[in-house]
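K.L.:
the sequence isn't on hand, but the structure is:
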């Protein structure tokens, strides 16, 4: 693997992407979540560019964040985070602060994804 960085790590959720319902998923964890939502008959949308949330990056620049999934029937977002860097922590802190009016559920493990239900999701 000389010369490569990133890529798949066991349990990391950053494996190969693929299609679910004809829609591209960036990681294996996103594929698992899309299939879980399908199994629960929950209507979901993948980022289409219309679901943008503002945040301020570490340099103080205004940016746009695109959540992984939007559940239109319940009006909330789901983000899949297999690992955190200092940059992603700062980004999500800013996203949550600047968008306090929206609900963003963050799933941080494959177990949380496989066991996801609407129970316990803030209204």
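P.N.:
Yes, it's here. Note that the structure is predicted; figures quoted are calculated from it, not measured. Numbering: from 1, shown residues only.
K.L.:
so the residue positioned nearest the centre of the chain, which of the three states?
P.N.:
In the chain, the residue lying closest to the centroid (Cα atoms, centre = their mean) is residue 79, at 2.2 Å. Following DSSP: H, G, I helix; E, B strand; the rest coil, residue 79 is assigned to strand.
K.L.:
what sits against it?
P.N.:
Counting by Cβ atoms under 8 Å, 6 or more residues apart in numbering, residue 79 makes contact with 67-69, 92, 104-107. For the C-beta atoms, the positions are set from N, CA and C on the backbone; glycine is no exception.
K.L.:
ok, 7 Å please
P.N.:
67-68, 104, 106 (Cβ atoms under 7 Å, 6 or more residues apart in numbering).
K.L.:
just the buried members of those?
P.N.:
Taking 16 or more other Cβ atoms under 10 Å as the criterion, what is buried in these is 67-68, 104.
K.L.:
one step back: closest one of the contacts of residue 79 to residue 37?
P.N.:
Comparing these against residue 37 with Cβ to Cβ places residue 68 closest, at 11.1 Å.
K.L.:
excluding chain neighbours, what is closest to residue 76?
P.N.:
Excluding its sequence neighbours, the residue lying closest to residue 76 (Cβ to Cβ, 6 or more residues apart in numbering) is residue 103, at 3.8 Å.
K.L.:
so how far is residue 114 from the one you found?
P.N.:
Distance, residue 103 to residue 114, using Cβ to Cβ, to the nearest Å: 21 Å.
K.L.:
now for the closest residue to residue 23 other than its chain neighbours, how many residues are close by?
P.N.:
Spatial nearest neighbour of residue 23, excluding adjacent residues (Cβ to Cβ, 6+ apart): residue 46 at 4.8 Å. Around residue 46 there are 18 other residues, counting by other Cβ atoms under 10 Å.
K.L.:
what of residue 62?
P.N.:
10.
K.L.:
what's near enough to touch residue 77?
P.N.:
Contacts here follow Cβ under 7 Å, 6+ apart; on that basis residue 77 touches 67, 69-70, 102-104.
K.L.:
what pairs with it across the strands?
P.N.:
residue 70, residue 104 (DSSP bridges).
K.L.:
what segments of the protein are strands?
P.N.:
18-20, 23-25, 45-46, 53-56, 62-65, 69-71, 76-80, 103-107 (DSSP state E).
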